[in-house]
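Asks: fold the stuff below for me.
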Amino acid sequence: MTDPRPADVPWLTPYLTVRDARVSTGFYEQALGFAVRDSVNDDGAVIHVEMTYRGQLILMFAPEGAYGSHAKTPKSTGLMAPQSFYLYVDDVDAAFARAVAVGAKPLIEPQDQYWGDRFAQFEDPDGYRWAIARHLN
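Replies: Below you'll find the predicted structure:
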């Protein structure tokens, strides 16, 4: 049986709706260290972005209305997103500080948790909740 995925694509890839793809690209680059893998433009407007994290994780997103979608961000609807993202980082305190500095809303300040991770949580500019962690040895 052949692998149904393109080369270097994980089995699961989150695909988010964002308000402004350029703003979201900058946020994920500056706050968490994601890198742009691909970007699609339509008449100068960014309509699709693929970003990678350490070559293992791919995050994709498109702005509200792209491709005729009626999907809205949690921020635009005023509702809490039912999902959140748990991302391991090298330095929780530094990543949290960077995220807040570039527009994240702090939810849980960095602290050591009973399950063995240093952990913090914030809400990104589109209203998605991100937990960042580093396992403590």
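Asks: avg pLDDT for the lengthiest helix in the chain?
Replies: The longest helix of the chain (DSSP state H) is helix 92-101. Mean per-residue pLDDT for helix 92-101: 98.
Asks: over to stretch 23-32?
Replies: Mean pLDDT, stretch 23-32: 97.
Asks: name the residues of that stretch that are buried.
Replies: Neighbour-count burial for stretch 23-32 flags Val23, Ser24, Thr25, Phe27, Tyr28, Ala31, Leu32 (criterion: 16 or more other CB atoms under 10 Å). To be clear about C-beta, it is placed using only N, CA and C from the backbone, and glycine gets the same treatment.
Asks: ok, Lys75 - contacts?
Replies: Arg19, Pro125, Asp126, Gly127 (CB atoms under 8 Å, 6 or more residues apart in numbering).
Asks: and which of the buried residues of stretch 23-32 is nearest to Ile58?
Replies: Tyr28 (11.6 Å; CB to CB).
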